[in-house]
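# Quick one, structure for this:
(one chain, ligands or ions: 1)
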Amino acid sequence: MKKTLIILAHPNMPESRLNKALIEAVRNESHVTVHNLYDSYKTAESIDVQKEQDLLLSHERIVFQFPLYWYSTPGLLKDWQDKVLVYGFAYGKQGDKLKDKIFKIAVTTGAPHYAFGAGGWNNFSIDELLRPVQQMATITQMIFTPTFCVSGALGISDEELKAKTEEFVSIIHTETWDDASTKFKKYVGA
Ligand SMILES: Cc1cc2nc3c(=O)[nH]c(=O)nc-3n(C[C@H](O)[C@H](O)[C@H](O)COP(=O)(O)O)c2cc1C
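Okay, the predicted model is just below:
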């Protein structure tokens, strides 16, 4: 099974319902490392860049798991990107250290599924809102795979959350997270 690093960025895990359900369901898997950013760091300045880069290097798959905060990631995950994904490591001359790592977003939202996209009160789909994260993956030469989203924190029932958690576990257990080009080649039989 591919070594999978879940970078969890939730400022208030004690009061979390959705992210807690997801992470507790996978944290004991032998191929999974759960790295809780808000447990590790109180400030952006305290982020240990070398340790974070070593963690990235020692895994084949990287997951950003977070609750949607103001249509984006919580602040510490943005700080983490700014500090860790530097020139010469993640981009630029010899900055190919993340090349071919497989990347996924696992996001939770307060608003329900139908609030996202044209005509919904959030106007944009979750993929559209999280374009900066997708482009981060692309420019660092990682392979972006479809986003996993649990929406509707305000109204989701225990049964619905259980089903979404099972879906997440199944993704984490799946060896291949097909990217768009692999999916297309399979579809056309190439
Ligand atoms: C500061 C803050 C900003 C938030 N911004 C959004 C938002 O832009 N869109 C949304 O759907 N939910 C938003 N939420 C709701 C959270 O995304 C939601 O409570 C969380 O995903 C639920 O997961 P949890 O049970 O793990 O905390 C926000 C919550 C907080 C505290």
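
# Quick check: beta-bridge partners of Ile62?
Ile62 has these beta-bridge partners by DSSP bridges: Leu5, Phe103.

# count of residues packed around Ala190?
Neighbour count for Ala190, taken as other C-beta atoms under 10 Å: 7. To be clear about C-beta, it is placed using only N, CA and C from the backbone, and glycine gets the same treatment.

# For stretch 150-160, buried residues please.
Going by neighbour count (16 or more other C-beta atoms under 10 Å), the buried part of stretch 150-160 is 150-153, 156.

# number of nearby residues for the closest residue in space to Lys97 that isn't next to it in sequence?
Nearest residue to Lys97, sequence neighbours excluded (C-beta to C-beta, 6 or more residues apart in numbering): Phe89, at 5.1 Å. Neighbourhood size, Phe89 [other C-beta under 10 Å]: 19.

# where does Phe89 land in three-state SS?
Here Phe89 is coil, with the state taken from DSSP: H, G, I helix; E, B strand; the rest coil.

# Just put the buried residues of stretch 150-160 in a markdown table and tack on pLDDT and distance to the ligand.
Output for the buried residues of stretch 150-160, formatted as a markdown table (pLDDT from 0 to 100; distance: C-beta to the nearest ligand atom, whole Å):
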| residue | pLDDT | distance to the ligand |
| --- | --- | --- |
| Val150 | 98 | 8 |
| Ser151 | 98 | 7 |
| Gly152 | 97 | 8 |
| Ala153 | 97 | 4 |
| Ile156 | 98 | 9 |
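
# Output these in TSV, with secondary structure appended to each entry.
Below are those laid out as TSV (three-state DSSP):
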residue	secondary structure
Val150	strand
Ser151	coil
Gly152	coil
Ala153	coil
Ile156	coil
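
# can you tell me which residues contact Lys186?
By C-beta atoms under 8 Å, 6 or more residues apart in numbering, the contact list for Lys186 reads Asp178.

# tally of neighbours for Met13?
Neighbour count of Met13, defined by other C-beta under 10 Å: 13.

# Skip the chain neighbours and tell me the closest residue to it.
Nearest residue to Met13 in three dimensions, chain neighbours excluded: Lys20, at 6.4 Å (C-beta to C-beta, 6+ apart).
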